[in-house]
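Asks: here is my input, please return the structure:
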Amino acid sequence: AEYMGFCGMRAEDMARIYTETYFSIAFFVGELTSCNYEQMRVLMPKAKSTAAFGPVHNWTDAHMIAVGSVTAGMSVSELDSLTPSVNKKGYNLVAAIPAHVFPLIPSKHLRKLRIEFFQAMNVEQVIALKPSQWFALSDGQAFAAMDIWFGFDNWPMSYLRDLQTSSSVIFCQCKLLLFLFLASFVRVNFYNFY
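Replies: Okay, the predicted model is just below:
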């Protein structure tokens with residue numbers, strides 16, 4: 001149950017929630033999957049408040065898990081700051097973002113992230129990306145995400161690397177074929193699992 005219809009609230013109404021109130025229900029809000037980006041964006045300042053979790057640069061894995069879905073409301077620079085080379089403590093906080101958060105991150109924000117962000121993802125996060133998000137990624141971002149999925153020496157990744165030298169039209173067609181393969185693989189395995 002999506003925490004008593006919380007995601008049915010307008011973003012403007014969410015912005016009026018007291019930070020202390022947000023903090024008391026943060027873990028539940030962090031598990032929500034039906035809220036939209038605008039709703040998460042207005043809650044992000046509350047999460048970064050000293051009355052809640054404090055500045056993002058002080059966060060740990062535990063903070064990422066507790067904040068959960070609200071992470072989708074981060075700016076591009078804040079999301080990039082979760083990578084090991086940018087994070088002040090050298091942590092890979094990207095891998096700590098719950099997978100259910102990734103579909104909530106706008107494609108236009110994913111497109112602006114550095115390739116290292118995608119290299120820091122885990123398999124569950126890569127699987128969670130929506131088709132529209134895959135299509136928005138640059139070739140470098142998509143290759144980094146596919147490397148997470150397939151590994152560096154496994155087919156079809158090694159085959160696709162050779163295609164990087166091909167024309168971009170052929171590569172885009174192969175990228176689409178790979179996406180369709182991945183989508184059918186996830187769907188088949190999901191239904192077989194349950």
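Asks: what packs against the strand or helix carrying Asp147?
Replies: In this assignment (DSSP states H and E), Asp147 forms part of helix 139-150. Judged by 3 or more Cβ pairs under 8 Å, 6 or more residues apart in numbering; DSSP states H and E, the packing partners of helix 139-150 are helix 115-119, helix 123-128, helix 157-163, helix 168-193. For glycine as for every other residue, the C-beta is placed from the backbone atoms N, C-alpha and C.
Asks: low-confidence stretches in this structure?
Replies: For the chain, the stretches with pLDDT under 70 are 1-4, 152-194.
Asks: ok, Val123 touching Trp149?
Replies: Yes: using Cβ atoms under 8 Å, Val123 makes contact with Trp149 at a distance of 6.2 Å.
Asks: more neighbours: which of these two?
Replies: Trp149 (16 against 13; other Cβ atoms under 10 Å).
Asks: which residues touch the nearest residue to that one once chain neighbours are set aside?
Replies: Nearest residue to Trp149, sequence neighbours excluded (Cβ to Cβ, 6 or more residues apart in numbering): Val126, at 5.1 Å. Val126 is in contact with 145-146, 148-149, counting by Cβ atoms under 8 Å, 6 or more residues apart in numbering.
Asks: export the residues you listed to CSV and tack on distance to Trp134?
Replies: Formatted as CSV, the contacts of Val126 follow (distance: Cβ to Cβ, whole Å):
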residue, distance to Trp134
Ala145, 8
Met146, 10
Ile148, 13
Trp149, 11
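Asks: among these, who's most crowded?
Replies: Ala145 leads the contacts of Val126 on contacts (other Cβ under 10 Å) with 24 neighbours.
Asks: which residues does that residue contact?
Replies: 118, 121, 126, 129, 134, 137.
Asks: next, give me the two most distant ones among these.
Replies: Met121 and Trp134 (12.8 Å; Cβ to Cβ).
Asks: between these two, which one's more packed in?
Replies: Legend: neighbour count by other Cβ under 10 Å for Met121 and Trp134, higher for Met121 (24 against 21).
Asks: and that one, how close does it get to Ile115?
Replies: Computed as Cβ to Cβ, to the nearest Å, the Met121 to Ile115 distance reads 11 Å.
Asks: for Ser75, same thing?
Replies: 18 Å.
Asks: these two - which one has more neighbours?
Replies: Ile115 (17 against 13).
Asks: touching, the more buried one and Leu137? I think so.
Replies: No: using Cβ under 8 Å, Ile115 is not in contact with Leu137, being 9.8 Å away.
Asks: can you pull the contacts of Met64?
Replies: Per Cβ under 8 Å, 6+ apart, neighbours of Met64: 71, 82, 93, 96-98.
Asks: burial measure for Ala66, as a count.
Replies: Neighbours of Ala66 using other Cβ under 10 Å come to 20.
Asks: likewise for Ala72?
Replies: 25.
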